[in-house]
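Undergrad: Sequence below, structure please.
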Amino acid sequence: MTQNEREMQMYGCEAWELDEAMSDSRQPYMGGLTMLAMSILSDAQELLAMGASDRARQNINQAKYVIHHMKGDME
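TA: Numbers count the residues shown, from 1 in each chain. Just a heads-up that it's a prediction; the model follows:
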């Protein structure tokens, strides 16, 4: 399995797309990484309510990716 295939299975997108979303979230009025993670988790809740558990799992992994990268911002 290639890295891209692994990322698609894990996140539902490629890591560079998450990196780009994180970069965009740092723009003025976008709320930062904390708001991005909360937004992704909110989407996961909605997906669970609709029965899309695999897609919800991917969203939760996306939020974990963002939170992992927040560590440097918080130190």
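Undergrad: Show me the contact partners of stretch 38-46.
TA: Outside stretch 38-46, the residues that touch it by Cβ atoms under 8 Å, 6 or more residues apart in numbering are 31, 56, 57, 59, 60, 62, 63, 66. Yep, even glycine has a C-beta here, placed from its N, CA and C like the rest.
Undergrad: in terms of contact, does the first one touch residue 25 like I think?
TA: Yes. The pair residue 31 and residue 25 qualifies as a contact (Cβ atoms under 8 Å) at a distance of 6.4 Å.
Undergrad: what residue is smack in the middle of the protein?
TA: residue 62 (2.6 Å; Cα atoms, centre = their mean).
Undergrad: in stretch 2-22, what counts as buried?
TA: Across stretch 2-22, burial judged by 16 or more other Cβ atoms under 10 Å covers 7, 11, 12, 18, 21, 22.
Undergrad: Just send those back as a markdown table, with pLDDT and distance to residue 42 too.
TA: Formatted as a markdown table, those follow (pLDDT from 0 to 100; distance: Cβ to Cβ, whole Å):
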| residue | pLDDT | distance to residue 42 |
| --- | --- | --- |
| 7 | 96 | 22 |
| 11 | 97 | 17 |
| 12 | 97 | 16 |
| 18 | 97 | 16 |
| 21 | 96 | 14 |
| 22 | 95 | 17 |
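Undergrad: neighbour-wise, which of residue 31 and residue 25 wins?
TA: Shown here are residue 31 and residue 25; by other Cβ atoms under 10 Å, residue 25 has more neighbours (17 against 14).
Undergrad: For that one, give me its contacts.
TA: 31, 32, 33, 35, 36.
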